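# Sequence first, predicted model second:
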Amino acid sequence: MKNKIFRFSILLVLGVFFLTGLNFSAQKGKLLNYDVLIKNARVFDGSLKPAFKADVAVKDGMIVKVGKSIKGSAAKVINGKGLYVTPGFIDLHTHVDGGMYFAENRACLNYLTQGVTTVIVGQCGSSAWPIFEKAEDLMKVWSGEGIGPNAALLVGHGTVRQIVMGMEEREPTAEELEKMKALVKEAMEQGAYGLSTGLIYQPGSFGKTNEVIELVKVIAPYGGIYHSHIRNESDKLLEAVKEAIEISDRSGAPVHISHFKVMEKKNWGLVKDACAIIEEARAKGIKVTADQYPYQFSSGYPYMSLIPRTAWLGIEETETEGTRVDTERLTSEDAEAIFNHLRDSQLIELYKKVTPYYPVSERHLQFLNEIPRNRLVRLVSRSLISPGNFRGPGNTKERSMFLERMANPEEAQKIREQIRANIDDVTGPENFIVGICVEKNLEGKSLKQVAAMKGKSVEDTAIELELMGARCIPLRMGEEDIEYIMKKDYVGTGSDGTAPPYGIGLTHIRSYSTFLHKIKKYALKRKSVSVSHVIRSQTSLPAKIMNWDDRGWIKNGYKADIVVLDLNNIKTKTSISNPHAYSEGVRYLLVNGEVVLDRGKWTGKLPGKVIKLKK
Ligand SMILES: [Zn+2]
């Protein structure tokens, strides 16, 4: 027995020695020609060409050879038979920076599993800095501790404006404008790729065209790009597109329109005119591009009440959100009153526990210490209590008030009319989809279908669903519009997604499935565009938009960001009612030459780099 153990130990020692030796030679690269060799795959190289048969060799983070039957040894050989090689996907528009503050989300597995190897963050006017001490510090943390995909950062107009002017709805003074310009310049010096705006969000919306032009002028000499969530994505889409183009024309920086679309059924079709305006500008030499996510519903939290606030609370239609209405519901003023008796230091302690900007930097702390007390109270109360629009069980007070009004036939009739008008206005009963419901068989059905199943009117079905606590999603974008935009050669892919904690909370499925869904639904199933068109829209086109000449292609001398895709077995497992599910189909994924997905499983590596704009 002892003998056996002894012999086994010898074998073990020899084995370890042998393996270590192998590993050593792999690291030294003395015995091996390549780090990774992908054999016998079909390659979509980033162009519109159909896939061609080739091997791809990777060494020291770079693609070093693409060709037929590459000879030589490699530390890892991937059998690509039946699989497709594409450049790693570049997501032009994400909000993963919020999630990536947390170390456990830094891998961004929801993106790696879609084949995404690079994300562009700091979008829609809100960015990490200058709330962080310095952009450099954030970049250092990410570079030091590692991230899944590569990341390029933008500086947000809204963030900069808030630092300088708070939430003031007015034009900046000359001095304030100079301060904003200085902050944008600082970010560019530290490696930001440009400026983003969120012109529908406060405080970005307070900024007029000229203010944005002045700030975009700062990024232009650096070769920065202006990414814009434009001022309107519904009935005033054309004016908003024109403004974006004007800003580019008068500042000299390229403009990139984020999540290009038009919302609400009555506006469907407007995208054709918007595209005509963009194409006219492009013909004049103005650099205008856009990105798109391939879904009919919008927003990180896409659910919408079927009973409008006015009908639910019995208030006049002229009273808009924000107006104080005496309904005995918890208003934001009530929430603020709860916190108003606390000392500043206590408020800041509470805020630190709930802010996503963790850990709170010194500059952020300084910001908290300097804002007026009423703003601090508001910030804390809104971070802790969000007065929701929930109509389901649990909202006993408002429900009983509503039901009391429904008992009065005249009042009930008025409520039904308000509900119907609201539904028709947004998108019609055929385009409201039940997302989450205790009656599971209703999930995925339209309001119109549910009404038919229940033999009730649309209005009464809406009331029943709401009181049940069901959550419904309006399909605000038309399928025809989505396909029209997708076919344009200047439109790339941008998920607009986040890095949510896996399995927690409601989220938009685009965070998990945008890239593979676009291939599967629009190229393979509907054949609206070719597979190579979709691949180009998420590889070489975004690289060109971002001015990168070392990513986005399967070519010699390019960074080895590589997807090995089982094209015919793509599985996007998300549904509206189950949004947290990793996609399947990416068999292998390389980021900067390192294998991060091996047979679809994460290897634990974080080889993503922060990509800085070179001065
Ligand atoms: Zn946006």
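Sure, I can see it.

# okay, and for the stretch 351-500 of the chain, where does confidence drop off?
Within the stretch 351-500 of the chain, the segments meeting pLDDT under 70 span 355-359, 385-390, 394.

# ok now do the closest residue to the ion within the stretch 151-300 of the chain, which residues does it touch?
Of all residues in the stretch 151-300 of the chain, residue 229 sits closest to the ion, at 3.5 Å by Cβ to the ion. For glycine as for every other residue, the C-beta is placed from the backbone atoms N, C-alpha and C. Applying Cβ atoms under 8 Å, 6 or more residues apart in numbering to residue 229 gives the contacts 123, 124, 125, 196, 197, 198, 199, 200, 201, 204, 258, 259.

# neighbours of the third one, just the number please.
Residue neighbour count, defined by other Cβ atoms under 10 Å, stands at 30 for residue 125.

# Next: the last one.
For residue 259, the number of neighbouring residues by other Cβ under 10 Å comes to 21.

# Cross-check the contact I'm expecting between it and residue 494.
Yes - counting by Cβ atoms under 8 Å, residue 259 touches residue 494, with 6.2 Å between them.

# can you list residues touching both of those two?
Common neighbours of residue 259 and residue 494 (Cβ under 8 Å, 6+ apart) are 93, 291, 292, 293.

# What's the local residue count around the first one?
Number of residues near residue 93 (other Cβ under 10 Å) recorded here: 30.

# re the thing from before, closest one of the shared contacts of residue 259 and residue 494 to residue 459?
residue 293 (31.6 Å; Cβ to Cβ).

# The closest one contacts residue 512, correct?
No - between residue 293 and residue 512 there is no contact under Cβ under 8 Å: 12.0 Å.

# tell me the helices in the stretch 51-200 of the chain, going along the chain?
For the stretch 51-200 of the chain, the helices defined by DSSP state H, counting those that start in this stretch cover 96-100, 109-112, 135-145, 157-165, 174-189.

# Quick one: these as JSON lines, columns for distance to the ion and mean neighbour count too.
Output for the helices of the stretch 51-200 of the chain, formatted as JSON lines (distance: least, Cβ to the ion, whole Å; neighbours: other Cβ atoms under 10 Å):
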{"stretch": "helix 96-100", "distance to the ion": "13", "mean neighbour count": "23"}
{"stretch": "helix 109-112", "distance to the ion": "17", "mean neighbour count": "24"}
{"stretch": "helix 135-145", "distance to the ion": "21", "mean neighbour count": "17"}
{"stretch": "helix 157-165", "distance to the ion": "11", "mean neighbour count": "23"}
{"stretch": "helix 174-189", "distance to the ion": "19", "mean neighbour count": "17"}
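
# Same list, these, but as JSON lines with mean pLDDT please.
Below are the helices of the stretch 51-200 of the chain laid out as JSON lines (pLDDT from 0 to 100):
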{"stretch": "helix 96-100", "mean pLDDT": "84"}
{"stretch": "helix 109-112", "mean pLDDT": "97"}
{"stretch": "helix 135-145", "mean pLDDT": "82"}
{"stretch": "helix 157-165", "mean pLDDT": "91"}
{"stretch": "helix 174-189", "mean pLDDT": "95"}
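
# Out of those helices, flag the one nearest residue 450.
Across these, closest to residue 450 is helix 109-112 (Cβ to Cβ), at 30.3 Å.

# before we move on, the earlier item: show me the common contact partners of residue 293 and residue 512, please.
Common neighbours of residue 293 and residue 512 (Cβ under 8 Å, 6+ apart) are residue 497.

# Give the residue from the two that has the larger number of neighbours.
Legend: neighbour count by other Cβ under 10 Å for residue 293 and residue 512, higher for residue 512 (28 against 25).

# what about the closest residue to residue 457 other than its chain neighbours, how many neighbours?
Excluding the flanking residues, the one nearest residue 457 by Cβ to Cβ, 6 or more residues apart in numbering is residue 451, at 6.5 Å. Residue 451 has 20 neighbouring residues, counting by other Cβ under 10 Å.

# How about the backbone phi and psi for residue 451?
Main-chain torsions, residue 451, degrees, to the nearest 10: phi -60, psi -40.

# And for residue 34?
phi -140, psi 160.

# And it, how close does it get to residue 77?
9 Å (Cβ to Cβ, to the nearest Å).

# Of the two, give the one with the bigger neighbour count.
Set residue 34 next to residue 77 and count neighbours by other Cβ under 10 Å: residue 34 wins out with 23 against 13.

# The more buried one bridge partners, please.
Beta-bridge partners for residue 34, by DSSP bridges, are residue 74.

# I'd assumed residue 583 was in contact with residue 600.
No - checked against Cβ under 8 Å, the pair residue 600 and residue 583 is beyond contact range at 9.7 Å.

# More neighbours: which of those two?
Between residue 600 and residue 583, counted using other Cβ under 10 Å, the more crowded position is residue 583 (25 against 15).

# That one and residue 111 touch, don't they?
No - taking contacts as Cβ under 8 Å, residue 583 lies outside contact range of residue 111: 9.8 Å.

# Can you get me a residue count around the residue nearest to residue 90 when sequence neighbours are not counted?
Distance criterion Cβ to Cβ, 6+ apart; nearest residue to residue 90, sequence neighbours excluded, is residue 542 at 3.9 Å. Neighbours of residue 542 under the rule other Cβ under 10 Å: 27.

# ok, residue 542 - contacts?
Taking Cβ under 8 Å, 6+ apart, we find residue 542 in contact with 90, 91, 92, 118, 291, 492, 493, 552.

# That one and residue 58: what is the separation?
According to Cβ to Cβ, residue 542 and residue 58 sit 21 Å apart.

# go on, residue 459?
Separation of residue 459 from residue 58 (Cβ to Cβ): 60 Å.

# swap in residue 524?
Residue 524 sits 28 Å away from residue 58, going by Cβ to Cβ.

# Which of these two has more residues huddled nearby?
Neighbours per residue (other Cβ under 10 Å) separate residue 524 from residue 58, with residue 58 holding more: 26 against 13.

# wait, isn't that one in contact with residue 564?
No - contact criterion Cβ under 8 Å: residue 58 and residue 564 do not qualify, at 11.4 Å.

# Next, show the common contact partners of these two.
Between them, residue 58 and residue 564 share the contacting residues residue 38, judged by Cβ under 8 Å, 6+ apart.

# what residues are up against residue 503?
residue 580.

# what's the pLDDT at it?
Per-residue pLDDT puts residue 503 at 77.

# With residue 615 instead?
At residue 615, pLDDT is 75.

# how about the strands of the stretch 251-400 of the chain, start to end?
With DSSP state E, counting those that start in this stretch applied, the stretch 251-400 of the chain shows strands at 255-257, 288-292, listed in chain order.

# Just say which of the ones you listed is most tucked in.
Highest mean neighbour count among the strands of the stretch 251-400 of the chain (mean count of other Cβ atoms under 10 Å): strand 255-257, with a mean of 28.

# Name the residues that touch that one?
92, 225-228, 230, 241, 244-245, 247-248, 278, 286-291, 545.

# Buried members of the residues you listed into PyMOL, please.
Buried subset of those, written as a PyMOL selection, criterion 16 or more other Cβ atoms under 10 Å:
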select buried, resi 92+225+226+227+228+230+241+244+245+247+248+278+286+287+288+289+290+291+545
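
# quick one, what contacts whichever residue of the stretch 1-150 of the chain sits closest to the ion?
Closest approach between the stretch 1-150 of the chain and the ion, counting by Cβ to the ion: residue 124, at 3.6 Å. Going by Cβ under 8 Å, 6+ apart, residue 124 touches 95, 156, 158, 196, 197, 198, 201, 204, 229, 258.

# and it, backbone torsions?
phi 60, psi 30.

# Tell me the residues of the chain that contact the ion?
124, 229 (Cβ under 5 Å from the ion).

# Return the residues in contact with the residue in the stretch 351-500 of the chain that the ion sits nearest to.
Per Cβ to the ion, the residue of the stretch 351-500 of the chain with the smallest distance to the ion is residue 496, at 6.2 Å. Residue 496 sits next to 93, 94, 95, 123, 258, 259, 293, 300, 508, 510 when contact means Cβ under 8 Å, 6+ apart.
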